[in-house]
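>>> Got a predicted model here, sequence first, then my questions.
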Amino acid sequence: MTSDVLAHVDAVFGDDVEAWHEALTSRLPAIVDQWELQLGEAMVGGWNSVVLACHGPRGAAVLKLTLRPEAVHLEGQALEHWGPGAAAEVRGVDATRGALLLERLVPGTSLDPRSCAIDSVARALVRLYRAGPAQPGLPTLAGRYADADERLLRMWRRSRNGIERDTAERAARELRALSAAPVDGGAVLLHGDPVPANFLLGAHGHRAIDPRPMVGDPAYDAAFWALFAEEGSDVLPKADQLAAALGLDRVLVVRWAAAMAVDRLLQVAGSPPHAALAERLARFIRSQTAGTA
């Protein structure tokens, strides 16, 4: 194990660093042998994973190791469902060890919400949705928000963060209703975390990585992009543009965005790294609350 990998882990994972050292020590040698890999440098990863450049029998690749092995199975299943024309190609899945081996996309640059046309985002999402109905057994939006009433109220009691109780309760009702409603044109396998860093440029255009797959309404993905694609940008213009590009109901996208904003603001309340996001979400929530008053 290279020193730069350990330095990356030490810098990123804080309280979880001991668990990561144990995981790397116990799992990584077996994974390297199993897939005949030569490890390279640590790459930028998420909050729950270590990502390593590597080289295997089929060429340049990326190894993702997570402390949540169950997530690897779902991620690999989603990427394989979408196929290499829309997502990074899966070269190996080891759910027991929490390891996922993907092709390395070249040049690998992410979508830039400040310079790319909204059509680029829409094309990337449409390629996912064209893959057809998802296999049974994948998570659903309805399942994701089945406990929205209890969960949002519990977070509200803990933090509040300037949100009135009736706002939290109304958002919970919306999340349950929207996630359970029939979907015009049929439910699709959503990306679930469509932000610029999760669409990388490869041979077939921008292709998906790091999904949080759920079956449901594409208006969810559109609302997620509008809320989180670029801090500091207005939500409504992005929601309008992406709804039009995807042929979605603009009102439905905005309803999703308004309810999701309350949910996320309650989640990040009091977290200094998320202060700017919290302020932007609060501003959007105030604008929507004023509009319905």
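Nice, I can see it. Numbering: from 1, shown residues only.

>>> What strand or helix carries the residue most central in space within the chain?
The residue lying closest to the centre of the chain (CA atoms, centre = their mean) is D193, at 2.0 Å. Per DSSP states H and E: D193 is located in neither a helix nor a strand.

>>> Show me the contact partners of stretch 228-245.
113-114, 118-119, 121-122, 194-196, 219, 222-223, 225-227, 248-250, 252-254, 257, 261, 264, 276-277, 280, 284 (CB atoms under 8 Å, 6 or more residues apart in numbering). To be clear about C-beta, it is placed using only N, CA and C from the backbone, and glycine gets the same treatment.

>>> Output it as CSV, nothing but the C-alphas.
Taking C-alpha atoms only, stretch 228-245 is exported to CSV below (Å, rounded to 0.1, in the frame of the first residue of the first chain):
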residue,chain,number,x,y,z
PHE,A,228,-27.3,20.5,-6.0
ALA,A,229,-25.5,20.8,-9.4
GLU,A,230,-23.9,24.1,-8.6
GLU,A,231,-24.0,26.0,-5.3
GLY,A,232,-24.9,29.7,-5.8
SER,A,233,-27.1,29.1,-8.8
ASP,A,234,-30.9,29.7,-8.7
VAL,A,235,-32.9,26.5,-8.5
LEU,A,236,-36.0,27.5,-10.5
PRO,A,237,-34.2,28.4,-13.8
LYS,A,238,-32.3,25.1,-13.7
ALA,A,239,-35.5,23.2,-12.9
ASP,A,240,-37.4,24.9,-15.8
GLN,A,241,-34.6,24.3,-18.3
LEU,A,242,-34.1,20.7,-17.4
ALA,A,243,-37.8,19.9,-17.2
ALA,A,244,-38.2,21.3,-20.8
ALA,A,245,-35.2,19.4,-22.1
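
>>> List the buried residues of it.
F228, A229, E230, V235, K238, A239, D240, Q241, L242, A243, A245 (16 or more other CB atoms under 10 Å).

>>> Now, those that are in helices?
F228, V235, K238, A239, D240, Q241, L242, A243, A245 (DSSP state H).

>>> Touching, the residue nearest to the centre of the chain and D221? I think so.
No: if you go by CB atoms under 8 Å, D193 and D221 don't touch, sitting 9.0 Å apart.

>>> just checking, what packs against the one helix or strand H81 maps to?
H81 is located in helix 69-82, with elements delineated by DSSP H and E. If you count contacts as 3 or more CB pairs under 8 Å, 6 or more residues apart in numbering; DSSP states H and E, helix 69-82 packs onto strand 90-94, strand 99-103, strand 188-190.

>>> Low-confidence ranges, the stretch 51-200 of the chain, go.
Along the stretch 51-200 of the chain, segments meeting pLDDT under 70 span 113-117, 160-161.

>>> related to what we said a few turns ago, which one of the helices and strands packed on helix 69-82 is the most hemmed in?
strand 188-190 (a mean of 25; mean count of other CB atoms under 10 Å).

>>> Name the surrounding residues that touch that strand.
With CB under 8 Å, 6+ apart as the test, strand 188-190 has contacts from 78, 81-82, 128-129, 131, 133-134, 138, 141, 211, 213-218, 220-221.

>>> Could you rerun that using 10 Å?
Applying CB atoms under 10 Å, 6 or more residues apart in numbering, the contact partners of strand 188-190 are 77-78, 81-82, 125-126, 128-135, 138-141, 211-222, 224.

>>> how far does it sit from the chain's center?
Taking CA atoms, centre = their mean, to the nearest Å, one finds the center of strand 188-190 at 13 Å from the center of the full chain.

>>> Which strands and helices lie in contact with whatever helix or strand comes next after that strand?
Using DSSP H and E, the next helix or strand after strand 188-190 towards the C-terminus is strand 199-202. Using 3 or more CB pairs under 10 Å, 6 or more residues apart in numbering; DSSP states H and E, the elements in contact with strand 199-202 are helix 118-129, strand 205-208.

>>> mind checking which helix or strand Q135 is in?
Taking DSSP H and E as the definition, one finds Q135 inside no helix or strand.

>>> ok, it to G56 distance?
Distance, Q135 to G56, by CB to CB, to the nearest Å: 26 Å.

>>> Tell me which of those two has more neighbours.
The neighbour count for Q135 versus G56, taken as other CB atoms under 10 Å, is higher for G56 (18 against 11).

>>> List the beta-bridge partners for that one.
G59 (DSSP bridges).
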